[in-house]
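A.B. asks: predicted structure and sequence below. I'll ask about it afterward.
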Amino acid sequence: MAGTVRSEQEFIAHVQSGGVVEAGDWMPEGYRRAVIRFIEMHANSEYMGALLERDWIARAPTLERRIAITSKVQDEVGHAQHLYCLLEDLGRPRAEVLSDLLEGRSRYNSFFHYPTASWADVGIIAWLSDAASIIAQKALLQTSYGPYRRILPKICWEEAFHVVHGREIMRTLLSGTRQQRDMAQEALTRWWPRLIYFHGPPTPAEKDADLTIWKLKGRPNEDMRQEFLRLYIPKIHKWGLQLPDPQLSFDEPSQRWRYTQADWEQVRLIGRGQGPASQAQLEIRRRAMEDNRWVAETLAPVPPAQEASR
Ligand SMILES: CC(C)(COP(=O)(O)OP(=O)(O)OC[C@H]1O[C@@H](n2cnc3c(N)ncnc32)[C@H](O)[C@@H]1OP(=O)(O)O)[C@@H](O)C(=O)NCCC(=O)NCCSC(=O)Cc1ccccc1
């Protein structure tokens with residue numbers, strides 16, 4: 001295109017006809033801000049989500065599970081790494097993004113602001129939150145921002161493998177002892193309401209209008225949540241697990257699941273660092289950044305003046 005696009009009208013015509021936008025192309029400022037907002041929330045969620053699971057590497061019950069969870073954590077951090085690179089290309093340096101995250105100026109998905117309590121939580125996180133995230137990410141496969149669109153198939157592919165890893169943890173627990181089955185049920189009871197928040201509030205179409213015209217956001221939040229519920233409630237029931245929501249019911253006329261509505265303002269605040277484990281998790285990251293600062297400093301390019309005097 002894109003060399004020829006110089007106005008918002010031409011830009012909209014370009015993306016509406018299926019054109020993609022590259023980092024160096026002209027784009028409306030609002031579009032640039034929205035891409036950064038989207039990718040930054042995604043990147044931070046991958047990064048902080050990995051932290052929840054990292055805690056369990058040393059506590060995995062078998063060697064095979066330890067290898068699998070180590071590799072999942074590596075995948076998630078890898079996704080964050082790719083996404084932070086996309087932000088750099090848009091003029092948002094990684095150091096700035098990370099310092100905003102650690103200083104509590106940015107956000108990540110509310111799902112990852114809670115503490116884990118047992119190995120069964122690891123199963124639920126991998127099985128169900130990765131499933132929810134695939135739905136959100138598949139909705140972006142046709143997004144107009146080219147670099148994001150090109151990295152998403154790899155991310156979705158890896159998340160699909162994580163779902164299998166989580167499902168196998170759950171299958172093992174559910175075919176185990178009474179205590180293991182109870183652990184699985186307790187984990188589902190704990191995480192279910194947070195899964196309901198995962199795709200965000202049921203936003204009115206007007207709020208998504210720009211994102212839709214720009215072909216940036218693929219689907220309304222509620223549609224994504226309904227797809228998740230449609231796919232996973234039958235699987236959960238098939239395994240004999242109980243869902244803790246007394247208002248959960250299927251509405252035949254609309255073909256939609258009804259569920260207890262969240263306090264969405266509260267969910268937004270949790271995403272901004274007010275969750276029960278937000279500060280503890282950010283503190284672990286802060287300490288790791290401090291401990292490893294010498295590596296970044298050692299690897300930093302030497303300014304030419306210092307180089308000459310060596
Ligand atoms: C759909 C949505 C999440 C939100 O749509 P939007 O159009 O952006 O927002 P909308 O206007 O609908 O909302 C109004 C306000 O509410 C905020 N808010 C909304 N939802 C949440 C929430 N859940 N938590 C907290 N806040 C939330 C929202 O920011 C906005 O705040 P603002 O008014 O700006 O202050 C979108 O960003 C998306 O699809 N992102 C890409 C995919 C992605 O990020 N995936 C991440 C998971 S990666 C993963 O899981 C892999 C993994 C698995 C396991 C372990 C490790 C890793």
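C.D. replies: Yep, it's here.

A.B. asks: what separation is there between L152 and I169?
C.D. replies: According to C-beta to C-beta, to the nearest Å, L152 and I169 sit 25 Å apart. (Each C-beta comes from the backbone N, C-alpha and C, glycine too.)

A.B. asks: with G146 instead?
C.D. replies: Here G146 is placed at a distance of 36 Å from I169 (C-beta to C-beta).

A.B. asks: of those two, who's got more company?
C.D. replies: Taking neighbours as other C-beta atoms under 10 Å, G146 and I169 compare with I169 leading, 26 against 16.

A.B. asks: which bits of the protein sit near the ligand?
C.D. replies: 38, 41-42, 45-46, 49-50, 53, 76, 107, 109-110, 125, 129-130, 133, 136-137, 197-201, 203, 207, 217, 221, 267-268, 271 (C-beta under 6 Å from any ligand atom).

A.B. asks: which among the residues you listed count as buried?
C.D. replies: Buried residues within these, defined by neighbour count using 16 or more other C-beta atoms under 10 Å: 38, 41-42, 45-46, 49-50, 53, 76, 107, 109-110, 125, 129-130, 133, 136-137, 197-201, 217, 221, 267, 271.

A.B. asks: tell me the contacts of G30?
C.D. replies: By C-beta atoms under 8 Å, 6 or more residues apart in numbering, the residues touching G30 are D210.

A.B. asks: quick one: pLDDT of it?
C.D. replies: pLDDT for G30: 94.

A.B. asks: surely it is in a helix?
C.D. replies: Yes - under DSSP: H, G, I helix; E, B strand; the rest coil, G30 sits within a helix.

A.B. asks: so which residues of the chain form strands?
C.D. replies: Ranges of strands within the chain are 249-251, 256-258, based on DSSP state E.

A.B. asks: and the closest residue to R66 other than its chain neighbours, how many residues sit next to it?
C.D. replies: Spatial nearest neighbour of R66, excluding adjacent residues (C-beta to C-beta, 6 or more residues apart in numbering): A60 at 3.9 Å. Here the number of neighbours of A60 (other C-beta under 10 Å) works out to 18.

A.B. asks: pLDDT at the residue of the stretch 51-200 of the chain found nearest the ligand, what is it?
C.D. replies: Closest approach between the stretch 51-200 of the chain and the ligand, counting by C-beta to the nearest ligand atom: G200, at 2.7 Å. What the model reports as pLDDT for G200 is 95.

A.B. asks: sorry, back to before: list just the one of the strands of the chain that sits closest to Q226.
C.D. replies: Proximity to Q226 (C-beta to C-beta) singles out strand 256-258 among these, at 5.5 Å.

A.B. asks: who are the packing partners of that closest one?
C.D. replies: Other helices and strands packing on strand 256-258, by 3 or more C-beta pairs under 8 Å, 6 or more residues apart in numbering; DSSP states H and E, are helix 221-238, strand 249-251.

A.B. asks: return the alpha-carbon coordinates of stretch 136-153 using CSV.
C.D. replies: Provided in CSV are the C-alpha atoms of stretch 136-153 (Å, rounded to 0.1, in the frame of the first residue of the first chain):
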residue,chain,number,x,y,z
ALA,A,136,-9.2,-14.2,21.7
GLN,A,137,-6.1,-14.6,19.5
LYS,A,138,-7.8,-16.4,16.7
ALA,A,139,-10.2,-13.5,16.5
LEU,A,140,-7.1,-11.4,15.6
LEU,A,141,-5.7,-13.6,12.9
GLN,A,142,-7.2,-11.2,10.2
THR,A,143,-6.2,-8.1,12.1
SER,A,144,-5.1,-5.2,9.9
TYR,A,145,-1.7,-4.8,11.7
GLY,A,146,0.6,-7.0,9.6
PRO,A,147,3.4,-7.8,12.1
TYR,A,148,0.8,-8.8,14.8
ARG,A,149,-1.1,-10.9,12.3
ARG,A,150,2.0,-12.7,11.2
ILE,A,151,3.1,-13.7,14.7
LEU,A,152,-0.3,-14.9,15.9
PRO,A,153,-0.4,-18.3,14.1
